[in-house]
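Asks: please work out how this folds:
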Amino acid sequence: MSDVLGKPVRHQQISYEDHKAGFLGFGMSDAVAKGMADMYAAKNAGIDKVETRTSENTTVTGFR
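Replies: Below you'll find the model as predicted:
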């Protein structure tokens with residue numbers, strides 16, 4: 001459990017099917033809800049980890 005702004009926050013991992021059901025409950029179409037759940041699954045599987053960050057491929061930005 002974490003503490004955010006003085007309030008406890010609990011994290012609980014749920015299945016992709018439960019994610020999809022939640023999206024459907026918010027009024028998303030079946031296709032969009034499935035797409036969102038599929039995207040979460042792909043991200044969890046490492047789709048964004050294409051290249052390991054190194055000092056050679058990481059640059060400083062001006063963003064504060």
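
Asks: how far away is the most centrally placed residue in the chain from T54?
Replies: The centre of the chain sits closest to Y40, judged by C-alpha atoms, centre = their mean, with a distance of 5.6 Å. The spacing between Y40 and T54, counted by C-beta to C-beta, to the nearest Å, is 28 Å. Placement of C-beta: from N, CA and C, glycine included.

Asks: now swap in M39 and tell me
Replies: Between M39 and T54 the computed distance is 27 Å (C-beta to C-beta).

Asks: SS state for the residue of the chain most remote from its centre?
Replies: Farthest-out residue of the chain from its mean C-alpha position, per C-alpha atoms, centre = their mean: E56, at 27.1 Å. Per DSSP: H, G, I helix; E, B strand; the rest coil, the local secondary structure of E56 is coil.

Asks: quick one, phi/psi of it?
Replies: With angles defined as degrees, to the nearest 10, E56 sits at phi -80, psi -30.

Asks: just A45 next, same as before
Replies: phi -80, psi -10.

Asks: what about it, how many neighbours?
Replies: By other C-beta atoms under 10 Å, the residues close to A45 number 9.

Asks: now G35
Replies: 14.

Asks: ok but the residue nearest to the centre of the chain is inside a helix, no?
Replies: Yes - applying three-state DSSP, one finds Y40 inside a helix.

Asks: surely it meets D18?
Replies: No - using C-beta atoms under 8 Å, Y40 is not in contact with D18; the gap is 10.8 Å.

Asks: show the subsequent helix or strand relative to the helix or strand bottoming out on mean pLDDT in the chain.
Replies: Least confident helix or strand of the chain, by mean pLDDT, DSSP states H and E, is strand 2-4 with a mean of 67. Per DSSP states H and E, the first helix or strand lying C-terminal to strand 2-4 is strand 7-9.

Asks: if anything else comes up later, I'll come back, but that's it for now.
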